[in-house]
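**Student:** Turn this into a structure:
(2 chains)
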Amino acid sequence: MGFTFLNTAFLFTAFAALLPLIIHMISRRRVDTIDFSSIRFLKQLERKRIRRVRIRQILLLIIRSLILLFAALAIARPTLRGAFEGGVSTHARTSVAIVIDDSASMSRRANGGVLLDEAVATGRAIARLLSGGDEAFLLTASSPTGIVVRDGTFSPDVLADELDGLGSTEAGTDYRRAVATALEYLGASRNLNRELYVVGDMQQSGWEREVGPSAEMSSETGRPGEIAGDDVRVYLIPVTGPTGNCAVTSVRLERRYGGTPGMYAVVAEMRNLAARSCEIPVRLFVDGIQVGQTGVTMDAGGGGSAVFSTAVDVNEWHSGWVEIPADVLDVDNRRYFVIHPEERIEVLVVRSDGAPQSGGRVGAPEGSGRVGAPEGGGRVGVPEGSGRVGVFDDAYYIERALDPTHSGVRFRPVMLTTAALAHQEQGRFPVVVLADIDRLDDAGERWVERHLSGGGGVLAVLGGGTDIRYWNTELLPLLAGGSILAPVERRSGVRLAPVSTGHPLLAGLVFGDRLIDEVAVRKAFQVEIDGADEIMELPGIGPAMVATTPPAGGVTAFLYTGIDPVWSDIPRSGLLVPLLHRIAGRLAEPAARDLNCLIGGDLVVPYDPSHAGAPVVLLPDGGEESATRLGGPRGGASLRVVNHTGIYRFMENGELRAMGAVNLQAEESELVAVSGAEMVGLLDPLEVNVVEPGAGLGGVILVARHGRELWRTFVYIALALLALEMYVARPRFAR
Amino acid sequence: MSEDSYRRFLDPKVVSKLATMELRARLVVEGFVTGLHRSPYKGFSVEFAEHRQYMPGDPLKHIDWKVFGKTDRFYIKEYEEETNLRGYVLLDASASMGYGADRITKLEYGSYLAAALIYLMLKQQDAAGLLVFDERIREFIPPRSNPRQLHMLLSELDKTEASSSTGIGEVLHELAKRMKRRGLVILISDLLDDPDTVIPGLKHFRHMKHEVIVFHVLDPREVEFRFEADATFRDMETGEMMTTEPLAIRGDYLAAVSEWTARLRRECAESRIDYVQVMTSTPYDRALFSYLEKRKRMG
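**Tutor:** Numbering: from 1, shown residues only, chains lettered A, B, ... in the order given. Sure, this is the predicted structure:
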């Protein structure tokens, strides 16, 4: 706590407190002498009354001096510095970082405008409290953090113009990143008085991202990356608006299995984030034309889904969106998607090294009804002493199942060994099947990683060739995470069963609670993969088939038993062909190949590498940009950090080559704000001031910056002293 | 001179403007007596005879037989009565009596009052004497009723000035010892002395069978203490000084004065001494009334 004055120039007026003393001294000298008949009565009073009079005179003298003193000090604007003092003097220059939330949620309607307008107005109010010599930085809290004013030299006009130029984006919110960046700027500031203002709707989801070391911001500022937040005053200034909101949170395309290519089910998920239930129409648009409408009823805080069926031409790009009526936040009322149904899907089937090179068809051994294998391990499907590998291995059955007639109408499998994988054209094969491979070389691993990050699908079949140690340390983390345990063997076999009879991959393949064909599995791996979508299981052992989303992107599916007669009866069953077709089809879904991305991400679309130049991308807002050069780290054509929702068209020489859809992050629709009490601990260990709406921002800031002004208190004290003076000095000749 | 013209000579301010003490005394008394015609008071006068109906118990020698002869009724005639009253006027001339905030000092007021009383007494054929004192007897003129007495007393009053301190008690005791014949003692003083000495002195007269009237002369400012600004007060008798805040102590001062006068009044009443408090602004008729009341009671 410290005590100081804002108008020290007026402190000299405190000498006015000496006036009563001076007057008293002068008046003592000038007192008249009166001849009086006798002072015997005065002398009687001297001992008691006159002593009291002297005390009263002294008391009055003190009171009058204090009145003038307090009045003079009130003019000098006394202030009491609080816990934030930090030894900074009253006139120290101030560095201010203003973080304005311009995320999608700030575009919600409020008070005749949008919420961002209020945030900008608050920012301008903060700017007005600055003066020449102060520093000001302006950042935005949408993801990624925008640094609007990075040159800290404060200019009211520049700052005001930049604030006025802010518009609500469709990006998600990342308060922590913005705060970390702002703290870095403030940490490098030369001023001792540092303040950080975060103005926004304090959306809960905006605070949930963890922030690591902000090296990139340090590189941007060119200054040391040390975050010196302990001497920064942090203010969270919530601007509040309506929270009732409905949103389309996802659109999923599901191929109508067994139907004609181009037949899709469009599944839209909606959420009602309002406090009361609602019934709203949901409409589907494909290629700009409304092709379906349905109604959805949602409880308060609940969700609903709408399913549309649609058919589009194969081998052509199509776009569409699902739309609900306008509400407080419009940007989440429409969700986009693109479709590119391919008539034929090329599948790369990879088998372990030593097998025949890709392109060569592996024929079945003549006259052999079954695949021989050594009991107790070793390579499966390798005839003893044959010297050849993989004649009847998993890859063989998979290739046959994908294209039983060698017509290549729906799937065209290409067989190769692990050693040849790295030489394959990236992006050509939507689906890669790792058919009981033991391991991949480094180049192969990188190829698979790029394949996944490009939105590709991978089916991993585990069998006798699986090198458990390698998979657990190298390949499984790439594909899904988790670990493979020891293989389990049941000589009598365990019947393969569906986990959920309603799973789309098993549609038509389930009768009652069983599969249409009984499939016995004799050997299988127990695998632990967190968060995987379990499709089939082996009762008493565990999951047998799962699908998941790997860290790098794309989709992976795992079959924990080998597709050969030694491990299971899958090759003999009528399940093999339809199951593999569905899995391959699912892995090759356009959605799985990252044709859609979220705001702030990188939009990557498959692109024919034979084309020479980078395509021009037509943006949804009417602009255009050049896509990143083809064949980049993720394959295909990519556009970095997309900022607008909608359909992006990748054009080359006037011809459409690819499309991509960008949508809002679903959490932006959740408009629930962090409560005031929670805000205080949001940036722990930084001490946070929460300025509630209507709390008088200017006053709060000035109090924190300069201390609590006490001039009113001083005036009240002076008035109280004046009243006391009038009481003490009142005439007393009532008797 | 009309009655109203005489009445104004009862105002101390007016009287103080007159040239000589004799004139002052005469006009005061004339004004006072003129006023009596309208009053119910039937005082006695050497010039005035009153008849009243005889009542059983009245001395027969007072019956006016001439009236009886004319009216066949008994009336009492009182004018022929003679007096042998010896009046002593004691005038305090100490320094405190020189205080007068409003033109006329207490000593002046007391002098004029003394002169009027002396004039009245001598006019009634009473013997009048004068004693001027401060801490001691400054001048003493024994009572006589001859015509030259008036001039002598008034001359003495005319030249009296306030000085020295007060010693009322000792003076009263000393005079009481001197007075051989029973008489009327009229004390004109501000009594600014220790009441424990003043009261015994007065009681001494009573002990000697004298009648006593005390005219306690005070200035209005002494009673009301209306001083505004802080001031240093200098005692006119001792020269002692004291600085104080009048506004602040006024209440206590008034209480002390009130207690002091109340004690004097109470002690006088207990000793059957007439106590008359007069301000220097009080018209003289009040004092003269008091004297006449007393004179009447004395027969």
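
**Student:** beta partners for the residue of the stretch 201-350 of chain A found nearest chain B?
**Tutor:** Going by C-beta to the nearest C-beta, chain B is nearest to A:Arg233 of the stretch 201-350 of chain A, at 54.6 Å. For glycine as for every other residue, the C-beta is placed from the backbone atoms N, C-alpha and C. Beta bridges link A:Arg233 to A:Glu195, judged by DSSP bridges.

**Student:** thought it was touching A:Arg194?
**Tutor:** Yes: here A:Arg233 reaches A:Arg194: they are 7.0 Å apart, a contact under C-beta atoms under 8 Å.

**Student:** now B:Glu170, what's its secondary structure?
**Tutor:** For B:Glu170, the assignment made with DSSP: H, G, I helix; E, B strand; the rest coil gives helix.

**Student:** Report pLDDT for it.
**Tutor:** Here, the pLDDT recorded for B:Glu170 equals 88.

**Student:** Next: A:Phe337.
**Tutor:** 90.

**Student:** interface residues of the stretch 101-250 of chain B facing chain A?
**Tutor:** The stretch 101-250 of chain B comes close to chain A at residues B:106, B:190, B:192, B:219, B:222, B:227, B:229-237, B:240-245, B:247-250, as judged by C-beta under 8 Å from any C-beta of the partner chain.

**Student:** And the buried ones among the residues you listed, selectable in ChimeraX?
**Tutor:** Provided next is the ChimeraX selection string for whichever of these are buried by 16 or more other C-beta atoms under 10 Å in any protein chain shown:
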select /B:106,190,192,219,222,227,230,231,233,235,236,237,242,244,245,247,248,249,250
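
**Student:** Among the residues of the stretch 101-250 of chain B next to chain A, which lie within strands?
**Tutor:** B:Ala231, B:Thr232, B:Phe233, B:Arg234, B:Asp235, B:Met241, B:Met242, B:Thr243, B:Thr244 (DSSP state E).

**Student:** show me where the stretch 451-600 of chain A has strands.
**Tutor:** Counting by DSSP state E, counting those that start in this stretch, one finds strands in the stretch 451-600 of chain A at the ranges A:457-461, A:483-495, A:497-498, A:510-511, A:514-515, A:520-528, A:533-538, A:542-548, A:555-559, A:596-598.

**Student:** all helices in the stretch 1-150 of chain A, in order from the N-terminus.
**Tutor:** Listed in chain order, the helices of the stretch 1-150 of chain A (DSSP state H, counting those that start in this stretch) span A:19-29, A:40-45, A:51-75, A:115-128.

**Student:** Need the mean per-residue confidence for the first one.
**Tutor:** Pointing back at helix A:19-29 there. Helix A:19-29 shows a mean pLDDT of 76.

**Student:** So, low pLDDT: which residues of chain B?
**Tutor:** Across chain B, the ranges flagged by pLDDT under 70 are B:1-11, B:13-50, B:78-84, B:295-299.

**Student:** And the strands in it?
**Tutor:** Going by DSSP E, chain B shows strands at B:51-53, B:75-77, B:86-92, B:127-133, B:137-144, B:184-189, B:211-218, B:231-235, B:241-244, B:274-279.

**Student:** and the gap between A:Leu59 and A:Leu724?
**Tutor:** 9 Å (C-beta to C-beta, to the nearest Å).

**Student:** that older thread, what's the local residue count around the residue of the stretch 201-350 of chain A closest to chain B?
**Tutor:** 24 (other C-beta atoms under 10 Å in any protein chain shown).

**Student:** Any figure for the gap between it and B:Ile141?
**Tutor:** Relative to B:Ile141, A:Arg233 is positioned 101 Å away (C-beta to C-beta).

**Student:** before we move on, what about A:Leu348?
**Tutor:** Distance, A:Leu348 to B:Ile141, using C-beta to C-beta: 159 Å.

**Student:** Which one's more surrounded, these two?
**Tutor:** Neighbours were counted for A:Leu348 and for B:Ile141 using other C-beta under 10 Å; A:Leu348 has more, 23 against 18.

**Student:** Can you point out the helix or strand that includes that one?
**Tutor:** In this structure, A:Leu348 sits in strand A:345-351 according to DSSP states H and E.

**Student:** Give me the packing partners of whichever helix or strand comes after that strand, helices and strands only.
**Tutor:** Under the assignment DSSP H and E, the closest C-terminal helix or strand after strand A:345-351 is helix A:394-402. Judged by 3 or more C-beta pairs under 8 Å, 6 or more residues apart in numbering or on different chains; DSSP states H and E, helix A:394-402 is in contact with strand A:345-351, strand A:411-417, strand A:431-435, helix A:576-587.

**Student:** deepest of the ones you listed, which one?
**Tutor:** strand A:431-435 (a mean of 28; mean count of other C-beta atoms under 10 Å in any protein chain shown).

**Student:** Sheet partners, orientation included, of that one?
**Tutor:** Under the criterion DSSP bridges, strand A:431-435 sits next to strand A:345-351 (parallel), strand A:457-461 (parallel) in its sheet.
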